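Colleague: Here you go, sequence then predicted model.
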Amino acid sequence: MNTTLSNSIDLQSPEYRLEAIPLMLNRHNVVFSKTTAAKLVGGRGKLGKLIERGLVRVEKKASGKQNGKWYCNGGDVIRNMKI
């Protein structure tokens, strides 16, 4: 069974499945730590630039401390991952 959308996108194609990964991570609220996200995108400097440009959403939770944990949106990280 080959399911297609109205604009002729094959739902079983590898391209569609790769595009669906970040969407599924967003749907399930997957987050990565700052360290893991930096490894995936190619370094802390690149992660910082992606955050500044708004390509990776990040939430900093301080929990009453000066140094809080960073929670990087999983879909954004995967979409900007270094291959």
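Modeller: Looks like it arrived, so ask away. Just so it is clear, the structure is predicted and the values come from calculations on it, not from any experiment.
Colleague: which one's the longest helix in this protein?
Modeller: helix 14-27 (DSSP state H).
Colleague: Report the contact partners of the residue nearest to Pro22 when sequence neighbours are not counted.
Modeller: Of all residues not flanking Pro22 in the chain, Gly75 sits nearest, at 3.6 Å (C-beta to C-beta, 6 or more residues apart in numbering). All C-beta atoms are positioned from the backbone trio N, CA, C, and that covers glycine. By C-beta atoms under 8 Å, 6 or more residues apart in numbering, Gly75 lies in contact with 21-26, 30.
Colleague: quick one: what helix or strand has Gly75 in it?
Modeller: Assigned by DSSP states H and E, Gly75 belongs to helix 74-79.
Colleague: which parts of that helix are buried?
Modeller: Within helix 74-79, the residues that count as buried by 16 or more other C-beta atoms under 10 Å are 74-79.
Colleague: Need those in JSON lines (columns: pLDDT and distance to Lys39).
Modeller: Conversion of the buried residues of helix 74-79 to JSON lines gives the following (pLDDT from 0 to 100; distance: C-beta to C-beta, whole Å):
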{"residue": "Gly74", "pLDDT": "93", "distance to Lys39": "13"}
{"residue": "Gly75", "pLDDT": "92", "distance to Lys39": "17"}
{"residue": "Asp76", "pLDDT": "93", "distance to Lys39": "15"}
{"residue": "Val77", "pLDDT": "94", "distance to Lys39": "10"}
{"residue": "Ile78", "pLDDT": "91", "distance to Lys39": "12"}
{"residue": "Arg79", "pLDDT": "91", "distance to Lys39": "16"}
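Colleague: Thank you, goodbye.
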